[in-house]
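Visitor: Mind looking at a prediction? Sequence and model below.
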Amino acid sequence: QVRLVESGGGLVQAGGSLRLSCAASGRTFSYYVMGWFRQAPGREREFVAQIVWSTSNTNYADSVKGRFTISRDNAKNTVYLQMNSLKPEDTAVYYCAARYSSGSSYNLWGQGTQVTVSS
């Protein structure tokens, strides 16, 4: 059974840091692209960052560039999102997702983890 399980969310003050983890299981993700998305109350889900598992190539939303870093650990089959200089507008439920590298849309999703940044 394929699973993506997020952890690491919580409450942090503005300017603080959090590291989210996404533990992937159930298949080999070498040919996948792993992504982080977020959804704030009353807003649509938006792309945050992605990493190509095999090459570690990364992409970021403009709103998080320079503050967030996505990475992956092959041995642990885990993807991370290091979030620094957090702002209240980063408050959202953060979701881990996966898509086959040749695919166009993400079709595997985790359950989400809440990140709340207080001002």
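Guide: Received the coordinates, thanks.
Visitor: who's Thr78 bridged to?
Guide: Ala23, Asp73 (DSSP bridges).
Visitor: That one contacts Cys22, correct?
Guide: Yes - contact criterion CB atoms under 8 Å: Thr78 and Cys22 qualify, at 6.4 Å. No exception for glycine: its C-beta is placed from N, CA and C like everyone else's.
Visitor: ok, those two, which is more surrounded?
Guide: Cys22 (26 against 18; other CB atoms under 10 Å).
Visitor: Could you check the pLDDT of the more buried one?
Guide: On pLDDT, Cys22 comes in at 97.
Visitor: Please apply the same query to the one 4 residues further on.
Guide: In this model, Gly26 is scored at 90, pLDDT.
Visitor: go on, the one 4 residues further on?
Guide: pLDDT, Ser30: 87.
Visitor: go on, Ser119?
Guide: We have a pLDDT of 94 for Ser119.
Visitor: residues contacting it?
Guide: 14, 88 (CB atoms under 8 Å, 6 or more residues apart in numbering).
Visitor: do the same with Val93
Guide: 38-40, 112-115.
Visitor: ok, and what's touching stretch 46-62?
Guide: Contacts of stretch 46-62 (CB under 8 Å, 6+ apart): 29-39, 64, 68, 70-72, 79, 81, 94, 101.
Visitor: same check, this time on stretch 73-81
Guide: Taking CB under 8 Å, 6+ apart as the rule, stretch 73-81 contacts 19-25, 29, 34, 36, 48-49, 51, 68-72, 94, 96.
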